[in-house]
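>>> everything below, folded, please.
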Amino acid sequence: MDNKYALYRELPDLDFETAVDQVTLFLKDEGFGVLTTIDVQETLKTKLDVDFRPYVILGACNPVLAHQALEGEPLLGVLLPCNVVVMRREGGGSIVAALKPSGVFSLVESPEVMPIAEQVEERLRRAIERL
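You can find the predicted model right below:
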């Protein structure tokens, strides 16, 4: 499924930890490395003493495609890396969502960038669909 800014999939039978492990592996298969991992649950507990569901934001980057995009538009780095979210689903299982590059990159007025965004989006979509 997707909307204007995200590709996402609800996985009622896939627990949170397994979803994180699998999406990381499938992203790697598509040429992405995870550069950052933000544990939102832990951060909210530490900073605000708020209980929140398991939720991580993975900063995923395909270096070859990122380099090509930055060559076409140097300021594009403000949109990188591609965020991939894994969260525990209400009622059990997980939800995995990723930035939808075609939606976000449409803000960039550089004709060289959109074909790269489409490649990135297809790779992210394949990784999520494998879950």
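>>> what residue in this structure is the furthest from its centre?
The outermost residue of the chain, judged by C-alpha distance from the chain's mean C-alpha position using Cα atoms, centre = their mean, is D49 at 26.3 Å.
>>> which residues touch the worst-scoring helix or strand of the chain on mean pLDDT?
Each helix and strand of the chain was given a mean pLDDT (mean pLDDT, DSSP states H and E); the minimum falls on helix 101-104 at a mean of 86. When contacts are defined by Cβ atoms under 8 Å, 6 or more residues apart in numbering, helix 101-104 is touched by residues 4-5, 79, 82, 114, 117-118, 120-121, 124. C-beta here means a position set from N, CA and C on the backbone, and glycine is covered the same way.
>>> which one of these is nearest to D13?
Proximity of the contacts of helix 101-104 to D13 was ranked by Cβ to Cβ; the top entry is L124 with 21.6 Å.
>>> list the buried residues for whichever strand or helix holds the closest one?
In this structure, L124 sits in helix 113-129 according to DSSP states H and E. Under the neighbour-count criterion of 16 or more other Cβ atoms under 10 Å, helix 113-129 has 113-114, 116-117, 119-121, 123-125, 127-128 buried.
>>> from what I can see V113 touches Q119, true?
No - in this structure V113 lies outside contact range of Q119 using Cβ atoms under 8 Å: 10.8 Å.
>>> could you pull out the helices for the protein?
Listed in chain order, the helices of the chain (DSSP state H) span 16-29, 40-48, 63-72, 101-104, 113-129.
>>> as TSV, those helices with distance to R9 would be great.
Shown next, in TSV, are the helices of the chain (distance: least, Cβ to Cβ, whole Å):
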stretch	distance to R9
helix 16-29	10
helix 40-48	19
helix 63-72	22
helix 101-104	17
helix 113-129	5
